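1. Structure for this input, please:
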Amino acid sequence: MIEKVDLFPHLYSHPEEDSLFSNWLICEDDYRKDEDGSYKNHRKLNVRENVSHPFDEIVNLIKKHHISPERMASLERKKSILDKYSFSKYIEAQQLIPKTKKTQRGNLGEIILGEYLERVTANRLFIYRLRYNTNVEQSMKGEDVLLLNKEEPFSKVYTGEAKFRTTPNQEAVNDICKSYGKDIVRPLSIGFTITLFYDKGKIEEAEILEELLNKVVNKEVEIINIGLLLSNHNAARNVENHMKSQNKNFGIISLSMLNPAEFADIIYDRAFKSLGVEPDE
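-> Numbering: from 1, shown residues only. Just a heads-up that it's a prediction; the model follows:
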């Protein structure tokens, strides 16, 4: 017998106000416990009919996650004193966002997951970690997203892992379930963030994270693990068919669209152009 679960308490309802995700995507939740004892906490997101992708808004998110406001301001000053060709070469040399398609797509999934979770939880991304990637063309280690409640930092922590697939398959779902499906997974990147904050002189934030890390190790903080599968129209079906989980604090969000590869390519082409450089120059 399948036990229906009325509420997966760790995600708010899909946004309804006039906003990026409410205007772009529709939502269906399926929270249940199957006969084999496996939890299937699955939120299905689909692109609304007759709605265009919000390319410009997502381009802005790409830039926000990769480039700090201070650096963006510096680039604007440089733009004012260089001619168009020189500035294009200057931007290209900075390696601000990746050109490698695999990394582009992985980062896109990570960014969408983090931004969506900010809108359906009380937590916020503590840092934009892609700004600190020492090799912009390679994926970073650790969980893709880490969200904390800045008002109540010891209440609940969210970690997330995103998978971008042009065509979904069992392996992609298994990879997410391998990370999160057996036991609640502790966040790996808190230590990195502590070091970063100390280096930046943010002592108070670093000390809060040190205390949080201690509480996490001692299992005094609730941890929620969320996966995202961004793929074509079969994304939700693959999650339904292959998701296996003994972790009640684990859920998967599927985001289905007709041509995810083209979607990603257009976004990064526009991101490069908005910075002042053609991606294949």
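
2. alpha carbons only for contacts and neighbour counts from here, please
-> Will do.

3. Nearest spatial neighbour of residue 277, chain-adjacent residues omitted?
-> Excluding the flanking residues, the one nearest residue 277 by CA to CA, 6 or more residues apart in numbering is residue 88, at 4.7 Å.

4. and what of residue 89?
-> In space, residue 89 is closest to residue 277, 7.3 Å off (CA to CA, 6+ apart).

5. now residue 8, nearest residue through space, not along the chain?
-> residue 31 is the one closest to residue 8 (CA to CA, 6+ apart), at 6.3 Å.

6. typo on my end, it should be residue 107
-> Residue 107's closest residue in space is residue 139 (CA to CA, 6+ apart), at 7.6 Å.

7. isn't the one you found right up against residue 104?
-> No - Residue 139 is not in contact with residue 104 according to CA atoms under 8 Å; the separation is 9.0 Å.

8. what about those two, which has more around it?
-> residue 104 (23 against 17; other CA atoms under 10 Å).

9. quick revisit: ok, now which ones touch the residue nearest to residue 89?
-> Neighbouring residues of residue 277 by CA atoms under 8 Å, 6 or more residues apart in numbering: 88-89, 91-92.

10. same thing with residue 129?
-> Contacts of residue 129 (CA under 8 Å, 6+ apart): 65-66.

11. where do the strands sit along the stretch 151-281 of the chain?
-> 156-164, 222-231, 250-256 (DSSP state E, counting those that start in this stretch).

12. Would you tell me which of these gets closest to residue 204?
-> Closest of the strands of the stretch 151-281 of the chain to residue 204 is strand 156-164, at 18.6 Å (criterion: CA to CA).

13. quick one, the closest one and strand 250-256 angle?
-> 40 degrees (axes from the mean of the first three to the mean of the last three CA atoms, to 10 degrees).

14. what's in contact with strand 156-164?
-> 105-106, 109-110, 113-114, 123, 143-149, 172, 176, 187, 221-231.

15. who's in contact with stretch 265-272?
-> 55-56, 58-60, 62-63, 101, 104, 278-279.

16. Mark which of the residues you listed are buried, thanks.
-> For these, a neighbour count by 16 or more other CA atoms under 10 Å gives the buried set as 55, 58-59, 62-63, 104, 278.

17. Greatest separation within the residues you listed: which pair is it?
-> That would be 58 and 278, which, of the buried ones among the contacts of stretch 265-272, are the farthest apart (CA to CA) at 17.9 Å.

18. re earlier: are any of the contacts of residue 277 buried, and which?
-> 88, 91-92.

19. how near is the residue nearest to residue 107 to residue 101?
-> 11 Å (CA to CA, to the nearest Å).

20. Please apply the same query to residue 221.
-> 37 Å.

21. ditto for residue 141
-> 18 Å.

22. can you pull out the helices in the stretch 151-281 of the chain?
-> Using DSSP state H, counting those that start in this stretch, the helices of the stretch 151-281 of the chain run over residues 170-180, 190-199, 203-217, 235-242, 260-275.
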